[in-house]
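Asker: Please work out how this folds:
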Amino acid sequence: MSNEVHDPEGGVAVPTHAAEGESPWKRRALVIGLAATACSIAALVLIGMNDGAVYAKPVDELLAQRAKFIGRPVRLEGNLVHGSLLMRESPCEYRFRLERGAATIEVRYPQCVVPDTFRDVPDMDVGVTTEGQLQADGTFLATSVLAKCPSKYEMKDREKRGEKAPHTASSPRP
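Answerer: Have a look, this model is predicted:
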């Protein structure tokens, strides 16, 4: 007996169910297996992305969630605390403090080269972004430092008041 329906006009035969020997359970098992594999791959990708994530946090938020970020890569944002920028020659290292609101954190940057705009200029807030890790002792070990320069519009207003940009200010380097 044939499992095909014939077209009375002499058309193509169409099977009415699966080929002999193939049960519906085999097809379901295949679909379930493929779905499980796809879910596993998606989970691995998401977990891998989470481990490589770099969080961007202002000083006050980082310190409020200190335990969560110890030893993890973080991009820290704050303003340079005036008078805190120090440079040590041997071994070469910069130390400074960043603040936001009432929160302040000590930062260590164990390299000799910093951006030209990274200066402690009196009466001028210098925004700083650092990347690195929060240490268990509460200090931040930076691997990079970026000093934000005020926008050209903000600098025009400052120039009218007699101020200079951090990279053109005549203050000595630390």
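Asker: And the helices in the protein?
Answerer: 24-51, 59-64, 66-69, 152-160 (DSSP state H).
Asker: Flag the shaky bits of the chain, pLDDT-wise.
Answerer: Within the chain, the segments meeting pLDDT under 70 span 1-22, 48-54, 149-159, 161-174.
Asker: so where do the strands sit in it?
Answerer: Assigned by DSSP state E, the strands in the chain fall at 4-5, 14-15, 55-58, 73-80, 86-88, 93-100, 103-109, 127-134, 140-148.
Asker: rewinding a little: for the helices of the chain, which one sits closest to Thr130?
Answerer: Among the helices of the chain, helix 59-64 comes nearest to Thr130, with 10.2 Å by CB to CB. C-betas here are computed from N, CA, C, even on glycine.
Asker: Can you give me the buried ones in the closest one?
Answerer: Across helix 59-64, burial judged by 16 or more other CB atoms under 10 Å covers 59-63.
Asker: Out of those, flag the one nearest to Glu93.
Answerer: Distance to Glu93 across these (CB to CB) is lowest for Val59, with 20.1 Å.
Asker: domain assignment for the protein?
Answerer: Segmentation of the chain into domains, based on automatic domain parsing, reads 14-51, 55-160.
Asker: of all the helices of the chain, which lies closest to Gln133?
Answerer: Nearest of the helices of the chain to Gln133, taken as CB to CB: helix 66-69 at 8.1 Å.
Asker: picking that back up, just name the most buried of the domains of the chain.
Answerer: Highest mean neighbour count among the domains of the chain (mean count of other CB atoms under 10 Å): domain 55-160, with a mean of 16.
Asker: Backbone dihedrals for the closest residue to Asn79 other than its chain neighbours, please?
Answerer: Excluding its sequence neighbours, the residue lying closest to Asn79 (CB to CB, 6 or more residues apart in numbering) is Asp125, at 4.9 Å. Backbone torsions of Asp125, given as degrees, to the nearest 10, read phi -80, psi 130.
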